[in-house]
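In: compute the structure for the input listed below.
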Amino acid sequence: MPKPEDVRAVAPALESYAQKFLVDDLWKRPGLSRRDRGIVTVAALIARDQTVELPRYLALALDNGVKPFEISEIITHLAFYTGWPNAMDAIPAARDVFKSRNIGADQLPPATGPQLPLDEVAEKQRATRVGEQFGQITPSLVQYTTDALFRDLWLRPSLAPRDRSLVTVSALIATGQVAQITYHLNRAMDNGLTRDEAGEVLGHLAFYAGWPNAFSAAPVIKDVIEKRRQ
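Out: From the prediction side, this is the model:
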């Protein structure tokens, strides 16, 4: 992980921009808590398989109130939404940060246990819709989506539904998966994410995933917010 002086020795303007816009401005904006910014940043780095700065931002997330069990759950969640290899690549960084802070197994979520209640009506509607669209083409995808994601992963209590949605939306924006944002942003807002927070996520991710990904997602997020106002 490069130190400020290392960056300055190669790209002094980059180090200056980092101090001016990230350290002195972005992370201090009131539209999104520092805790949430930690979640968004960690989700983006894992989603993009960018592990060099991951230890720094895992530590920052912990300093800003994200719990070890939540970090563990974010990594697990992103295995499904950004691919198993990306989650596995995050393990060494998280392991080292946990070790440096004496975070042990007693602070991590169990592999199995009691789950959050399922909204049976909403889940039946979702499953029916997806089954009708894709059941004849890819029954395995439809079945795993029901069994692994919506009847298991999304019901794990170690990450609040609102935060799980925040992780998902952040990962989708960071990887340019705009087709999936509408569903998951609506779900995020149903779970408590506000319009202002959704907009601030975009501004934050412009720095961590690039302006093109942020602007590609902007029309979709604008559409969701405007339709929810009607």
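In: residues in contact with the least confident helix or strand in the chain by mean pLDDT?
Out: Ranking every helix and strand in the chain by mean pLDDT, DSSP states H and E puts helix 4-10 at the bottom, with a mean of 93. The contact list for helix 4-10 (CB atoms under 8 Å, 6 or more residues apart in numbering) reads 14-15, 18-19. Using the backbone N, CA and C atoms, a C-beta is placed for each residue, glycine as well.
In: could you dump the residues you listed into a markdown table and include distance to Leu159?
Out: Below are the contacts of helix 4-10 laid out as a markdown table (distance: CB to CB, whole Å):
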| residue | distance to Leu159 |
| --- | --- |
| Leu14 | 33 |
| Glu15 | 34 |
| Ala18 | 29 |
| Gln19 | 32 |
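In: for those residues, which one is nearest Ala90?
Out: Set against Ala90, the nearest of those by CB to CB is Ala18 (22.4 Å).
In: which pLDDT value belongs to the closest one?
Out: pLDDT recorded at Ala18 is 95.
In: quick check: chain neighbours aside, which residue is closest to it?
Out: Val7 (7.1 Å; CB to CB, 6 or more residues apart in numbering).
In: what about the one you found, neighbour count?
Out: Residues near Val7, counting by other CB atoms under 10 Å, number 17.
In: could you do Leu141 as well?
Out: Neighbourhood size, Leu141 [other CB under 10 Å]: 12.
In: please apply the same query to the one 3 residues further on.
Out: Here the count is done by other CB under 10 Å, and Tyr144 has 12 residues near it.
In: quick one: what helix or strand has it in it?
Out: Assessed by DSSP states H and E, Tyr144 sits inside helix 139-144.
In: alpha carbons of that helix, as CSV, please.
Out: Output of helix 139-144 as CSV, limited to C-alpha atoms (Å, rounded to 0.1, in the frame of the first residue of the first chain):
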residue,chain,number,x,y,z
PRO,A,139,-33.5,-23.4,-14.2
SER,A,140,-30.3,-23.7,-12.1
LEU,A,141,-29.9,-19.9,-11.9
VAL,A,142,-33.6,-19.4,-10.9
GLN,A,143,-33.3,-22.1,-8.2
TYR,A,144,-30.0,-20.9,-6.8
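In: tell me what whatever helix or strand comes next after it is packed against?
Out: Downstream of helix 139-144, the next assigned helix or strand under DSSP H and E is helix 161-174. Here helix 161-174 touches helix 34-47, helix 68-82, helix 181-190, helix 195-209, helix 211-229, going by 3 or more CB pairs under 8 Å, 6 or more residues apart in numbering; DSSP states H and E.
In: and stretch 185-192, what's buried?
Out: Residues of stretch 185-192 classed as buried: 185, 187-189 (neighbour count, 16 or more other CB atoms under 10 Å).
In: could I get these as JSON lines with pLDDT and distance to Val169?
Out: Output for those, formatted as JSON lines (pLDDT from 0 to 100; distance: CB to CB, whole Å):
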{"residue": "Leu185", "pLDDT": "98", "distance to Val169": "6"}
{"residue": "Arg187", "pLDDT": "97", "distance to Val169": "9"}
{"residue": "Ala188", "pLDDT": "98", "distance to Val169": "5"}
{"residue": "Met189", "pLDDT": "97", "distance to Val169": "10"}
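In: which one of those residues sits closest to Ser140?
Out: Nearest to Ser140 among the buried residues of stretch 185-192: Arg187, at 23.1 Å, using CB to CB.
In: once you drop chain neighbours, what's closest to the closest one?
Out: Sequence neighbours aside, Ser165 is the residue nearest to Arg187 in space, at 5.4 Å (criterion: CB to CB, 6+ apart).
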